[in-house]
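Fold the stuff below for me.
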Amino acid sequence: MSGWLEPVAAALDRRVVPCPVFFRDDDAGWDDDALWDLLGEFAATGVTIDVAAIPTAVGLRSARGLRARVADGVARVHQHGWSHTNHEPTGRKCEFGPGRSAATQAADVIAGRERLEARLGPIDPVFTPPWNRCTAATADAALAAGHRVLSRDDSAGTLSRAGLAEVAVTLDWCGGKGGVRRSPEDLGRALAAGIDAGTPVGVMLHHAVMDDAERAGALRPFLALVARSAGASTTTITALAAGLTPSPADLPDSGGGR
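The predicted structure is shown next:
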């Protein structure tokens, strides 16, 4: 076992109840070849990954590949904004931020879901805003489009909309400070702390910034560890949300026709 994984293995060994672990990869539609390489790692270990797809970026080739991997059980696909475009003139990047009206946001969310489903067939009713940032109006727009889950970073807090479960990622695998990626040792400590915290661990990936060495040398052994460990239970966003969202009969009419 790689040395950086030792604290992760120890944390898993300490678990009495298995820790739910899920993976979300963002920006499907960009750099397809890197995405297929990433999904190959998940296929090899039998772990399913949630894939957030950019509606305007998913072309015919992307769609064919994603449909095949959904059919194989490797991936579950959901909506990642509309075009992954920053609309804020100042401050942090945001596609669904305070600089846009509720009506404009709603139009993009609805159009995005329709565009993805036209190419992929039914997708999971999950909305992930680019850069993990959005407003309360975005939550209303997601509900209007027929979504039932919002997935952001746990630092974003919650928006508390009836009928909309929130399943957050808790660790950015590709994150760092000052443009410098975190070391494997730091990543191992962060993962171990998340496992010890007693809440689901959601790992956010970005296939476009991961190379062969990182996939094989770091991600592959981590996937193998969680796949075989009795201290982990790999899951998906929709599976986690099932325990947070009311049954369809109890939900308000979304107006989305779904």
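
tell me the pLDDT at D253?
Turning to D253, the model gives it a pLDDT of 42.

how about the strands in the stretch 1-150 of the chain?
19-28, 49-53, 75-79, 126-127, 149-150 (DSSP state E, counting those that start in this stretch).

Format those strands as a markdown table; extra columns: mean neighbour count, distance to A141 and mean pLDDT.
(C-beta placed from N, C-alpha, C; glycine too.) As requested, the strands of the stretch 1-150 of the chain are arranged in a markdown table below (neighbours: other Cβ atoms under 10 Å; distance: least, Cβ to Cβ, whole Å; pLDDT from 0 to 100):
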| stretch | mean neighbour count | distance to A141 | mean pLDDT |
| --- | --- | --- | --- |
| strand 19-28 | 24 | 19 | 98 |
| strand 49-53 | 27 | 16 | 98 |
| strand 75-79 | 24 | 11 | 98 |
| strand 126-127 | 27 | 8 | 98 |
| strand 149-150 | 24 | 10 | 98 |
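
Could you point out which of those strands sits nearest G243?
strand 19-28 (10.0 Å; Cβ to Cβ).

Can you list the strands that that closest one pairs with?
strand 49-53 (parallel), strand 201-205 (parallel), strand 232-234 (parallel) (DSSP bridges).

Just the CA atoms from the second one would do, formatted as CSV, please.
Right, the one you point to is strand 201-205. Extracted in CSV, the C-alpha atoms of strand 201-205 (Å, rounded to 0.1, in the frame of the first residue of the first chain):
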residue,chain,number,x,y,z
VAL,A,201,-17.3,11.5,2.2
GLY,A,202,-17.9,13.0,-1.3
VAL,A,203,-14.8,13.2,-3.4
MET,A,204,-14.8,15.8,-6.3
LEU,A,205,-12.6,15.0,-9.3
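
For the helix or strand following it, the averaged confidence score.
Sequence-wise, the next helix or strand downstream of strand 201-205 (DSSP states H and E) is helix 212-214. Across helix 212-214, pLDDT averages out at 95.
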